[in-house]
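Chemist: Okay, predicted coordinates and the sequence, questions at the end:
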Amino acid sequence: MKKNSFTHVLSLFPKLLALTLVIGLAAPSPALAKDKFRVAWSIYVGWMPWGYGDNAGIVKKWADKYDIEIEVVQINDYVESINQYTAGAFDGCVMTNMDALTIPAASGVDSTALIVGDFSNGNDAVILKGKPSLKDIAGQKINLVELSVSHYLLARALESVGLAEKDVTVVNTSDADMVSAYATAGVTAVTTWNPLVSEILAMPNSHKVFDSSQIPGEIIDMMVVNTKTLAENPKLGKALTGAWYEIMSVMSGTDEAGIAARTAMADASGTDLAGYNAQLASTLMFYQPAEAVKFVNSDALPATMKNVAAFSFDHGLLGEGAQDANFIGIETPAGVVGDNGNIKLRFDPSYMKMAADGKL
């Protein structure tokens, strides 16, 4: 009996081995968790906290809490930082809502707005040299980072006075070269963001003729992370979010620590405390996570992203396969904008909600 049973088991061995291999191949692979991450940031009033948080050890403190490492890297050229994120050189990067849609999302990189830090409320502006009225912009060359949020602001500005892009000429200019370009005689108009706006307005005969306070809530500043990386490594989301709101708590204070933090951010952005405070005054910062959660959950966000998607499609920014403005799906708590089967940009308030609830 034992011999027959043993023989029977031997006869089944090849089948059992084959079945084991099939099950192994069919089983889902384990999540690709890792413990080292890189995020990129560039100079802007709402993103200076990342540089400060790195230097002050706050980012490391939160990374240590979750037993991971986070390298925070400053990139001098804003668009280049997003390009590097899109290419996979970084796990996260600061960017605006429009640039998140038109660069990584349009390139097929599924990305999540992990932290919505603020929206521009005057920090992005159209500036004319020697002309005090927006209507004077007709026929001029406008230096700006082409196809960026500055281009979007210009389009909205032109609409407000019955003009269109055909009435001006756009000149693509890196943000790193904007101030020096404006200082030349041949440049008479620019559209850009702070701290460049403050530097340019300090020059003689410069006039701000339109700014983002006239389209509130449309230019959103965010920390964006790779969706797949976040799903496989929730510790990254928790560490970044926890660090951000500790930085917000420090910098929003009126005590010595708050003043020191804002002074450090001012120095790093090439201005003084008064100048940085002035930039903060034209930025609606979400110092409290509950404020950011409320903003992301609002019905206004999908409406804004519809406008952004329409502009992006009109300028050929949604990729070669885009047939209309709905080509890319944008997921928000209030619903999906665009193609539900092609979601590449997600507004996920869950980590900010954890911060609001004290669960990080």
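Modeler: Perfect, I can see it now.
Chemist: Could you look up the SS state of residue 249?
Modeler: helix (DSSP: H, G, I helix; E, B strand; the rest coil).
Chemist: which residues touch it?
Modeler: residue 287 (CB atoms under 8 Å, 6 or more residues apart in numbering). Just so you know, the C-beta spots here come from the backbone N, C-alpha and C atoms, and that holds for glycine as well.
Chemist: so how far is residue 304 from it?
Modeler: Note on residue 249: its distance to residue 304, by CB to CB, to the nearest Å, is 28 Å.
Chemist: for residue 180, same thing?
Modeler: Taking CB to CB, one finds residue 180 at 33 Å from residue 304.
Chemist: Between those two, which has more neighbouring residues?
Modeler: residue 304 (21 against 10; other CB atoms under 10 Å).
Chemist: mind listing the strands for the stretch 101-250 of the chain?
Modeler: When secondary structure is read from DSSP state E, counting those that start in this stretch, the stretch 101-250 of the chain shows strands at 111-120, 124-129, 141-144, 169-172, 189-193, 206-211, 220-226.
Chemist: Let me have those in TSV, extended by mean pLDDT.
Modeler: As requested, the strands of the stretch 101-250 of the chain are arranged in TSV below (pLDDT from 0 to 100):
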stretch	mean pLDDT
strand 111-120	97
strand 124-129	97
strand 141-144	98
strand 169-172	97
strand 189-193	96
strand 206-211	98
strand 220-226	98
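Chemist: so which of those strands comes closest to residue 96?
Modeler: strand 220-226 (6.0 Å; CB to CB).
Chemist: partners of that closest one in the sheet?
Modeler: strand 92-96 (antiparallel), strand 111-120 (antiparallel) (DSSP bridges).
Chemist: Let me know the angle separating the last one from strand 189-193.
Modeler: Going by axes from the mean of the first three to the mean of the last three CA atoms, to 10 degrees, strand 111-120 is angled at 120 degrees with respect to strand 189-193.
Chemist: Output strand 111-120 as CSV, restricted to C-alpha atoms.
Modeler: Extracted C-alpha coordinates of strand 111-120, given in CSV (Å, rounded to 0.1, in the frame of the first residue of the first chain):
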residue,chain,number,x,y,z
SER,A,111,0.9,61.4,-11.4
THR,A,112,-0.7,62.4,-8.1
ALA,A,113,-1.0,65.8,-6.6
LEU,A,114,0.0,64.7,-3.1
ILE,A,115,0.1,68.2,-1.5
VAL,A,116,-1.8,71.2,-2.7
GLY,A,117,0.2,74.0,-1.0
ASP,A,118,-1.4,77.2,-2.3
PHE,A,119,-2.8,79.0,-5.3
SER,A,120,-1.3,82.1,-6.8
